[in-house]
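Peer 1: got a sequence here, can you model it:
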Amino acid sequence: MILITGAGGMIGSHLIERLSCNEKKENVIASYYKPTIDMKEIEGKATFVETDVRYFQNVYTLVEQYKPQVIYHLAAQSFPGVSWEKPQETLETNVIGTANLFEAIKLLRTKESYDPTVVVACSSAAYGYVSEEEVPISEDHAMLPLHPYGVSKVAQDLLTHQYWATFGIKGIRVRIFNTTGPRKIGDVCADLTFRAIQIEKGYIPPALRVGNMENRRAILDVRDLVSALILLAKKGAPGEVYNASAQRVYAVYEIVEIIKKKLGLPFEVTVDPALFRLKDEPIIFGDSSKLASATGWKPEYDLATTVRDMLQYWREKL
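Peer 2: Take a look at the predicted model:
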């Protein structure tokens, strides 16, 4: 039995699709709350249970009923910008939600034999500001986040380690770097590909609004991340932490050029100061060699392929 929390998010939806190819629907339990995706797109591919992880009894009931042997803990408020507007909700979901999951496992273990593997979706946002000379970042880099979301991910990360060190609950931490793909919202690739298709369809004038053009990101395809999560559930070491990052860095202006090439339409590019974040890392790029060494993982999708598939997704949705 497999449990995915946060199944109503982009990563969770792709994980469900991958697992549904190999597992029976009734063996994949997918909890969700306030989905950010269209749930109809994954309808019938798992057993869905609405669960607000901020409340312990909800989480305990879920774990007690299904007793999953593998748990992918993806449930989160995952937008840095929103975390400035809703810091309390971000901390409750990401930190208390994680504590609730481990406490549910801990309580069930007092009643019966239960020893699941828990793969926890942590974040590169935990690292915060990193200079050009420090990238790619390794797992032993200091964690000095720039926003409440990053703070919540540090706490989630350390809770996972602590429940392993103290209670022997097999938590595996994955510090996920920028990841995108179809169904993603709220990141640079999602925003730009969405606006590009709006231009293609004539819904908005042919001017692509962008934020900071110089920021650079190593952007991982969600399908490669799903492969990493599944491999870590099988081969990752409990208590350990692994970076999951793409292996090439792109500036925003390079992403715009990829979109132009894929779309084949002329349009202007305008910088909109309103799209700049309050605090933002100039470069985000992780060293994934530990993950690769432990599991044999290697990214298969380049950014041009990811952008192509995102453009097609928005084309069909609009």
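Peer 1: roughly how far apart are the closest residue to residue 68 other than its chain neighbours and residue 48?
Peer 2: Among residues not flanking residue 68 along the chain, residue 3 sits closest, at 3.7 Å (Cβ to Cβ, 6 or more residues apart in numbering). Just so you know, the C-beta spots here come from the backbone N, C-alpha and C atoms, and that holds for glycine as well. For residue 3, the distance to residue 48 equals 12 Å [Cβ to Cβ, to the nearest Å].
Peer 1: before we move on, what about residue 5?
Peer 2: Distance, residue 5 to residue 48, by Cβ to Cβ: 12 Å.
Peer 1: cool, residue 220 as well?
Peer 2: In terms of Cβ to Cβ, residue 220 sits 26 Å off from residue 48.
Peer 1: of those two, who's got more company?
Peer 2: Each of residue 220 and residue 48 has its neighbours counted (other Cβ atoms under 10 Å); residue 220 has more, 25 against 20.
Peer 1: care to break the protein down by domain?
Peer 2: Following automatic domain parsing, one gets these domains for the chain: 2-180+222-244, 188-217+248-282+301-317.
Peer 1: most tightly surrounded among the ones you listed?
Peer 2: With neighbours taken as mean count of other Cβ atoms under 10 Å, the domains of the chain reach their highest mean count in domain 2-180+222-244, at a mean of 20.
Peer 1: from one end of it to the other, what's the distance?
Peer 2: End-to-end span of domain 2-180+222-244 (Cα to Cα, to the nearest Å): 21 Å.
Peer 1: where does the protein have low pLDDT?
Peer 2: For the chain, residues meeting the criterion pLDDT under 70 lie at 23, 25, 276-280.
Peer 1: would you confirm that residue 101 contacts residue 63?
Peer 2: Yes. Taking contacts as Cβ atoms under 8 Å, residue 101 lies within contact range of residue 63: 7.4 Å.
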